[in-house]
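S.K.: Please find the sequence and the predicted model below.
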Amino acid sequence: MEAIFTRRSVRQYADRPVADEAVAKLLAAAMAAPSAGDERPWEFIVVTDRAAREEITRIHPYSHMLRQAPVAIVVCADPARGKYPVDYWVQDCAAATENILIAAAALGLGTCWLGVHPIPDRVAGLRRIFAIPAAIVPFAVVAVGHPAATPARADRYDEKRIHQEKW
């Protein structure tokens, strides 16, 4: 529970590498996410190359933190894995992304979730940068690194948003 309640979006990172073992744990956590019909539509691109991270900042207007974060994880989906007539892959990839964020907080790392899908320019830009096949959808980018400072915990519980039995 502590990782859930202390997780915050981090936009400033210390100049320290993230261990490969930590990245592997984040990806294992992502792949432990629930998915509709156990489709597991996700694919991941781990980006440590500074030039590639810089290239992302040219197509994503809110990704400036990738200049400092030593790792970016591009969360992608293969919609062809779906066995239902709706795009559950969006929910599945969101769950995988959230697992990355929570696992990173548990490991003392900071993250920032950068939305990509359904914005066409961002999707096309990531496809170009990383040679992502047309059938695969880039869903999000997660910046990962050691936080430059520890963000304050925020209490976001709002009882007014809870409805019992009906609205």
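M.R.: Nice, I can see it. Numbering: from 1, shown residues only.
S.K.: Do you have the strands of the protein handy? List them.
M.R.: Under the criterion DSSP state E, the chain contains strands at 42-47, 71-77, 110-115, 137-145.
S.K.: export those strands to TSV and tack on mean neighbour count and distance to Ser35?
M.R.: Glycine gets a C-beta too; all of them are placed from N, C-alpha and C. Converted to TSV, these look like this (neighbours: other C-beta atoms under 10 Å; distance: least, C-beta to C-beta, whole Å):
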stretch	mean neighbour count	distance to Ser35
strand 42-47	19	8
strand 71-77	23	10
strand 110-115	22	18
strand 137-145	25	13
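S.K.: Could you export those to CSV, including columns for distance to Ile4 and mean pLDDT?
M.R.: Output for these, formatted as CSV (distance: least, C-beta to C-beta, whole Å; pLDDT from 0 to 100):
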stretch, distance to Ile4, mean pLDDT
strand 42-47, 21, 98
strand 71-77, 19, 98
strand 110-115, 13, 98
strand 137-145, 16, 98
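S.K.: wait, which of these is closest to Tyr157?
M.R.: Closest to Tyr157 of the strands of the chain, according to C-beta to C-beta: strand 110-115, at 20.6 Å.
S.K.: This completes my enquiry, with thanks.
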